[in-house]
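1. when you get a sec, could you give me coordinates for this:
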Amino acid sequence: MTDYGYSVEVPEGYDEAVVRARMALRAHGFSILSEMHVGGMLGPQAGTERQYLFMGVWNSAVSQRRLDEELQVAVHLPCNVVVQESGARALVAALDPADAVEAPEPGAAAAVVEEARGALAGALRMVADPATA
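-> From the prediction side, this is the model:
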């Protein structure tokens, strides 16, 4: 884990990293709601050939827990994952879900954040080493 979230390297490259990320996220209960490929759109300093894939993901088992009668965590707990090419390797990173929630106090919100963190961490461990499945 870094200051911003989780990241792992995939030595086999970008295409393998995308496949692993999709499979690992699904294995840990996430649905991929959106994908946006932005390779070549990040400006000349990023390089025209560099691949970037942003994924918006949601974990129904975690997100449907109610905080109270009217508010669901799904509204406030987005999970974002990026796969980016880095030479012959790839980097898969996920933002820390705790950054999306304003300092949760102990209780339901904190428990949901910790569940989401655990699920993302498990998915990224699986991306790094598919044998952990």
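2. counting neighbours, what do you get for residue 131?
-> Applying the criterion other CB atoms under 10 Å, we find 5 residues in the vicinity of residue 131. From N, CA and C alone the C-beta is placed, and that goes for glycine too.
3. scratch that, residue 87 is what I was asking about
-> Counted with other CB under 10 Å, the neighbours of residue 87 add up to 8.
4. ok, now how distant is it from residue 50?
-> In this structure, residue 87 and residue 50 are 9 Å apart, going by CB to CB, to the nearest Å.
5. also residue 21?
-> Computed as CB to CB, the residue 21 to residue 50 distance reads 17 Å.
6. same check, this time on residue 13
-> Relative to residue 50, residue 13 is positioned 12 Å away (criterion: CB to CB).
7. what touches both of these two?
-> Here residue 13 and residue 50 share the contacting residues residue 85, scored by CB atoms under 8 Å, 6 or more residues apart in numbering.
8. now the element after the helix or strand of the chain with the lowest mean pLDDT, going C-ward?
-> Taking mean pLDDT, DSSP states H and E as the measure, the chain has helix 60-63 as its least confident helix or strand, at a mean of 62. Toward the C-terminus, helix 60-63 is succeeded by strand 79-86 as the next helix or strand (DSSP states H and E).
9. that following strand pairs with which strands?
-> In the sheet, strand 79-86 lines up against strand 52-59 (antiparallel), strand 89-95 (antiparallel) (DSSP bridges).
10. mean pLDDT for those strands: which is lowest?
-> Taking each of these in turn, the lowest mean pLDDT turns up on strand 52-59, with a mean of 88.
11. would you mark the buried spots in that strand?
-> 52-53, 55, 57-59 (16 or more other CB atoms under 10 Å).
12. by residue count, tell me the biggest helix in this structure.
-> Looking across the chain with DSSP state H, the single longest helix is helix 108-128.
13. and that helix with strand 89-95, angle?
-> Note on geometry: by axes from the mean of the first three to the mean of the last three CA atoms, to 10 degrees, helix 108-128 and strand 89-95 are set 170 degrees apart in direction.
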